[in-house]
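Visitor: sequence first, predicted model second:
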Amino acid sequence: MQPIGVFGGTFDPVHYGHLRTAFELWQLLHLAEVRFVPTGNPPHRDQPLASAELRLRMVRAAVAGQPAFSVDDREIRRSGVSYSVDTLAELRGEYPRRSLCLLLGMDAFLGLPHWHRWRELLELGHIVVAHRPGWKVPTMGPLGEVMVDHGTGSIRELHERSAGRIYVHAVTQLEISSTELRQLIVSGLDPRYLVPDEVRRILLDSECYSKDT
Ligand code: ATP
């Protein structure tokens, strides 16, 4: 059975950097699907500006029409802080033997040692890291050590084992970030071509990043 990709994020808002990364990893790794999991209440950062419902609506609009992509709203339905380890543990309960691949950008991977019970993530699934512009694979510190113990260059291993490997892959570099998008919209500029048209429409209609919100 092909692995399931799990792509968590604040998605405040979702943009083509997220979508292209998920699409390339789905194709390259022969994943069965990629599940987008918008965070409810993120532990490591400021609260999102757009409401959970609106972020969820934008992610749903962004993935519509791509059958390999789906949206999992469990973190938004769950009360309290969203921890990836809880999400992965739930998925592991639902898919006891299936390979699960947690998809992360390199910036997110470098922050991993600050995540709640982060080492358990590798007991529950694989970690697939997408290179982002300007970031290097760590060779020292706790991440350097887990790279030595868990790093693999084999896609086959991601299929044959259900958890425990870290695979790093370059993806087309689209230097888009939600932070810059929000700033651009606050300055009255148009996000066209940085987000899907349906997401742009929701952004413009909801005015969720306008100056007074
Ligand atoms: P912000 O600017 O608000 O921090 P972001 O654009 O980094 O947001 P997140 O929702 O925080 O988006 O990211 C979700 C996941 O997508 C993370 O694993 C992150 O590393 C990855 N990601 C974000 N932007 C890109 C991009 N342009 N290319 C590849 N991966 C990305």
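Guide: That came in fine, so what should we check first?

Visitor: residue boundaries of the helices in the chain?
Guide: 16-29, 52-63, 74-77, 84-94, 106-110, 118-124, 141-150, 155-160, 178-186, 197-206 (DSSP state H).

Visitor: out of those helices, flag the one nearest W135.
Guide: Of all the helices of the chain, it is helix 106-110 that lies closest to W135, at 3.7 Å by C-beta to C-beta. All C-beta spots, glycine's among them, are computed from the backbone N, C-alpha and C.

Visitor: show me how far the closest one is from its chain's centre.
Guide: 11 Å (C-alpha atoms, centre = their mean, to the nearest Å).

Visitor: what's around the nearest residue to E90 once chain neighbours are set aside, how many residues?
Guide: Nearest non-adjacent residue to E90, counting by C-beta to C-beta, 6 or more residues apart in numbering: R74, 6.6 Å away. Residues contacting R74 under the criterion other C-beta atoms under 10 Å number 15.

Visitor: before we move on, what about A61?
Guide: A61: 19 neighbours (other C-beta under 10 Å).

Visitor: list the contacts of it.
Guide: 196, 198-199, 201-202 (C-beta atoms under 8 Å, 6 or more residues apart in numbering).

Visitor: state the distance from the residue nearest to A89 when sequence neighbours are not counted to L103.
Guide: With sequence-adjacent residues excluded and distances taken as C-beta to C-beta, 6+ apart, A89 is closest to L124, at 5.9 Å. Distance, L124 to L103, by C-beta to C-beta, to the nearest Å: 14 Å.

Visitor: re the thing from before, quick one: which of the contacts of A61 is nearest to the ligand?
Guide: Minimum distance to the ligand across these is 13.0 Å, recorded for V199 (C-beta to the nearest ligand atom).

Visitor: run a quick neighbour tally on that closest one.
Guide: 24.

Visitor: against R192, how distant is it?
Guide: Distance of V199 to R192, computed by C-beta to C-beta: 10 Å.

Visitor: cool, and G125?
Guide: Where R192 is concerned, G125 sits at a distance of 36 Å (C-beta to C-beta).

Visitor: which of the two has more neighbours?
Guide: G125 (30 against 9).

Visitor: could you tell me which residues make contact with the more buried one?
Guide: 6, 88, 91-92, 99-102, 162-163.

Visitor: try 7 Å this time
Guide: G125 makes contacts with 88, 100-102, 163, as judged by C-beta atoms under 7 Å, 6 or more residues apart in numbering.

Visitor: with V14 instead?
Guide: Counted by C-beta under 7 Å, 6+ apart, V14 has contacts 58-59, 62, 195, 199.

Visitor: can we see that at 6 Å?
Guide: 58-59, 62 (C-beta atoms under 6 Å, 6 or more residues apart in numbering).

Visitor: with F36 instead?
Guide: Here F36 is in contact with 7, 59, 71 (C-beta under 6 Å, 6+ apart).

Visitor: can we see that at 7 Å?
Guide: Neighbours of F36 in contact, by C-beta under 7 Å, 6+ apart: 7, 59, 63, 69, 71-72.
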